[in-house]
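Colleague: Fold the following, please.
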Amino acid sequence: MTADPRLIVPLDLPTVDEARDMVERLGDAVSFYKIGLELLASDGMTLARELKTSGKSIFLDWKLHDIGATVERSARVLAQSGCDLLTVHAEPQVMKAAVQARGASSLKILAVTVLTSLTDADLIEMGYAFGARDLVERRVRQALECGVDGIVSSPHEAALAREIATAAGRPDFLIVTPGVRPFWAAKNDQARAATPEAALRAGASHLVCGRPITAANDPREAALKVAAEMAGV
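Modeller: Model (predicted):
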């Protein structure tokens with residue numbers, strides 16, 4: 001088995017040195033890494049550039065969320081980083097600003113729909129008039145209208161998102177699903193999880209799988225097990 005480019009492993013570790021060690025342990029089993037807010041606070045861009053230089057793909061999961069002008073300035077800087085994916089919140093003003101800033105660069109913009117830790121009850125408590133599925137549907141349609149390259153949603157909404165994107169003439173639309181948990185792993189804090197095979201069959205283009213891999217005694221072996229589950233889809 002070799003690395004499956006659809007598998008993204010998050011480097012949710014406190015320091016860049018610990019992240020480098022994890023990359024070393026994973027070796028050729030992983031080709032795509034996510035750098036989130038934890039490493040952003042610990043010189044994550046330095047690591048991102050190092051990994052890009054070594055031939056890895058990089059997902060900057062920074063969930064930009066601010067007024068349009070601020071998002072545009074930030075995304076314009078990140079568009080020059082050579083990284084592959086960047087997340088922003090799925091609000092029209094934010095999405096339009098990021099798309100404008102991306103310009104002709106190769107950076108792809110992903111809109112975060114509903115966090116995979118949230119349930120319908122959580123959304124009601126937060127003041128939303130929609131459950132998770134209805135809110136994801138609304139945000140997928142808005143994302144397509146704003147011209148982003150894809151969305152982030154739980155595997156439970158991947159089929160819906162794929163159906164909407166296909167109907168809109170966007171078969172290339174990326175659907176990145178966190179909350180992926182192999183049958184042999186605990187769900188942890190993921191409220192809307194699914195196995196790798198189920199997520200791909202539902203329409204996901206990329207899977208984010210973290211703790212089942214990075215918390216394993218042998219992360220490389222765990223990554224290869226996940227890749228094996230993906231191989232038949």
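
Colleague: alpha carbons only for contacts and neighbour counts from here, please
Modeller: Fine.

Colleague: Return the residues in contact with the residue lying closest to residue 146 once chain neighbours are set aside.
Modeller: The spatial neighbour of residue 146 that comes closest, neighbours along the chain excluded (C-alpha to C-alpha, 6 or more residues apart in numbering), is residue 96 at 5.5 Å. The contact partners of residue 96, taken as C-alpha atoms under 8 Å, 6 or more residues apart in numbering, are 68, 146-148.

Colleague: One more: residue 105?
Modeller: 79-80 are the contacts of residue 105 under C-alpha under 8 Å, 6+ apart.

Colleague: and the gap between it and residue 80?
Modeller: Distance, residue 105 to residue 80, by C-alpha to C-alpha, to the nearest Å: 7 Å.

Colleague: shared neighbours, these two?
Modeller: Going by C-alpha under 8 Å, 6+ apart, no residue sits against residue 105 while also sitting against residue 80.

Colleague: Save the contacts of residue 96 as CSV, and put in neighbour count and distance to residue 131 too.
Modeller: CSV is the format used below for the contacts of residue 96 (neighbours: other C-alpha atoms under 10 Å; distance: C-alpha to C-alpha, whole Å):
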residue, neighbour count, distance to residue 131
68, 17, 26
146, 20, 22
147, 14, 24
148, 24, 23
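
Colleague: Return the closest of the residues you listed with respect to residue 8.
Modeller: Using C-alpha to C-alpha, residue 148 comes nearest to residue 8 of the contacts of residue 96, at 19.6 Å.

Colleague: now the closest one: how far from residue 166?
Modeller: Taking C-alpha to C-alpha, one finds residue 148 at 15 Å from residue 166.

Colleague: Next up, the contacts around the spatially closest residue to residue 6 that is not a sequence neighbour.
Modeller: In this structure, residue 6 finds its nearest non-sequential neighbour in residue 206, 4.5 Å apart by C-alpha to C-alpha, 6+ apart. Going by C-alpha under 8 Å, 6+ apart, residue 206 touches 6-8, 174-177, 200.
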